[in-house]
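Asker: Following is a predicted model, sequence given first.
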Amino acid sequence: MKFGIDRLLSDPALRAPLQGRRVAVLAHPASVTADLTHTMDALAACPDITLSAAFGPQHGMKGDLQDNMMESSDYRDPVHGVPVFSLYGEVRRPRDEWMQTFDVILIDLQDLGCRIYTFVTTLLYVLEAAAAHGKEVWVLDRPNPAGRPVEGTTLKPGWESFVGAGPMPMRHGLTLGEMGHWFIHHFKIDVQYRVIGMENYDPEGAPGYGWPLGQRAWINPSPNAPNLSMARAYAGTVMIEGATLSEGRGTTRPLELFGAPDIDARAVIAEMRRIAPGWLDGCVLRDMWFEPTFHKHVGKLCSGVQIHCEDPVYDHHAFRPWRVQAAGFKAIRNLYPDYDLWRDFPYEYAFGKLPIDTINGGTALREWVDDRDAHAGDLDHMASADESDWIEERRPFLIY
């Protein structure tokens, strides 16, 4: 199979509309060709393309910034001599003067298929800026490693943020190219938009179900996205960023586990099985121990739960990471009623809101966890309706 960047480079007819125009690229460390050449280098080496600028998303073009809310600076690329503008620095939206440095922007970002992963929001902001300045946007499409399944409640009006670009569920099941089509339709953006689609991509094909296992190397799109298992679990484990539990940052398996020094992981797993056994299908939960070298609970021995969602235990269509993590929160609340579970700080600069609510695009999940009389079926009912609506809404925008 070929990703969008590889098709563009191998087909002169696809590149023809770029001749004589200034081209910018929005990329990160996972923006590479099949032979692992970085997209920026490959475009600069292509005689048909005049590279005039580059943009980096959250964590930077270099992917060197470990944590959330660490801002990147602008700089001039020392190899190609073009300016590199940060879309996660002093601003999140492209400055007007930056938009004058190119005619067409190529977006080549490996996404994780989750609403909160900020490359989705950056795509929207670039589309809006391009519309305002008469620029053209191309997405060089890449797989959604979480595949087509949909899960989670829909972001509610008034909860839009940098981790919530619009009314979609947590796990949206679209590629970035498909998401661009939905954004343009939903927000009525008048912009020239083109997707260089993938060739021979099957989002339902085993064993990768969204990621071409055995065909493409995995490269971290952000520092704590080290493998396919993390990408599959992320639509659930990302919620731990709004909790006092560790999500495994500071370990070698970030966002595949959760824990703390003052919980009993075996008891938590048993309670998860009691309250929502059907939510735990498609994966295996294993109690384990870890000691973060940085971030939450640094240097402390934590009792943890690891979510195994790889072969041979993984069932793609049964695995529901958002519900798995919801059950984990509920189990801790049931076992430790007074546990200080929710963090309180302006997550991604959303002031006056609890991070867990910003992450979920509303208060429903937190209120369900904290309501001692609420059952699994209550959350299931809310989420199932939103999921069904989204599956129908996204249908016209599916390319593959």
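Answerer: Yep, that arrived. This one's a predicted model, so the numbers in the text were calculated from it and none came from an experiment.

Asker: how about low-confidence regions in this protein?
Answerer: Low-confidence segments of the chain (pLDDT under 70): 63-71.

Asker: Tell me the buried residues in the top helix by length along it?
Answerer: Criterion DSSP state H: the longest helix present in the chain is helix 376-394. The neighbour-count check on helix 376-394 (16 or more other CB atoms under 10 Å) flags 376, 379-380, 382-383, 386-387, 390, 394 as buried. In short, each C-beta sits where N, CA and C put it, glycine included.

Asker: Show me the strands in the chain, by range?
Answerer: 22-26, 50-56, 75-76, 83-86, 104-107, 136-140, 192-196, 257-260, 284-290, 302-308 (DSSP state E).

Asker: Other residues contacting the shortest one?
Answerer: To tie it back to what came earlier, the one meant is strand 75-76. Defining contact as CB atoms under 8 Å, 6 or more residues apart in numbering, one finds that strand 75-76 is touched by 82-84.

Asker: Mind doing that once more with 6 Å?
Answerer: 83-84 (CB atoms under 6 Å, 6 or more residues apart in numbering).

Asker: likewise the fifth one?
Answerer: Outside strand 104-107, the residues within contact range by CB under 6 Å, 6+ apart are 21, 23-26, 136-140.

Asker: Tyr234 - how many residues pack around it?
Answerer: For Tyr234, the count of nearby residues is 28 (other CB atoms under 10 Å).

Asker: Spit out the contact partners of it.
Answerer: So, once contact is read as CB under 6 Å, 6+ apart, Tyr234 ends up touching 112, 114, 255.

Asker: if you skip the residues just before and after it, what's nearest to the second one?
Answerer: Nearest-residue entry for Cys114: Ala235, 4.7 Å, with adjacent residues in sequence omitted and distances by CB to CB, 6 or more residues apart in numbering.

Asker: Kindly provide the distance from that neighbour to Glu367.
Answerer: 20 Å (CB to CB, to the nearest Å).

Asker: go on, Gly180?
Answerer: In terms of CB to CB, Gly180 sits 33 Å off from Glu367.

Asker: Looking at the two, which is more packed in?
Answerer: Counted by other CB under 10 Å, Gly180 and Glu367 do not tie: Gly180 has more neighbours, with 27 against 12.

Asker: From what I see, that one and Val139 are in contact.
Answerer: Yes - using CB atoms under 6 Å, Gly180 is in contact with Val139, at 5.3 Å.

Asker: Helices of the chain, residue ranges please.
Answerer: Using DSSP H, helices in the chain cover 4-10, 12-15, 39-45, 119-133, 176-186, 228-237, 265-275, 321-335, 355-360, 364-370, 376-394.

Asker: gap between the two ends of stretch 164-177?
Answerer: End-to-end distance for stretch 164-177: 18 Å, by CA to CA, to the nearest Å.

Asker: can you check stretch 96-109 too?
Answerer: First residue to last in stretch 96-109 (CA to CA) measures 22 Å.

Asker: Quickly note the distance from the closest residue to Leu112 other than its chain neighbours to Gln110.
Answerer: Using CB to CB, 6+ apart and skipping residues adjacent in sequence, the residue nearest Leu112 is Ala231, 5.0 Å away. Separation of Ala231 from Gln110 (CB to CB): 9 Å.

Asker: before we move on, what about Leu9?
Answerer: In terms of CB to CB, Leu9 sits 17 Å off from Gln110.

Asker: out of these two, which sits in the more crowded spot?
Answerer: Gln110 (27 against 22).

Asker: tell me the contacts of that one?
Answerer: Contacts of Gln110 (CB under 6 Å, 6+ apart): 30, 142, 221.

Asker: okay, now the second one: neighbour count?
Answerer: Pointing back at Arg142 there. 24.

Asker: for the first one, same thing?
Answerer: Taking other CB under 10 Å as the neighbour definition, Ala30 ends up with a count of 20.

Asker: who touches it in this structure?
Answerer: Contacts of Ala30 (CB under 6 Å, 6+ apart): 110, 219, 221.
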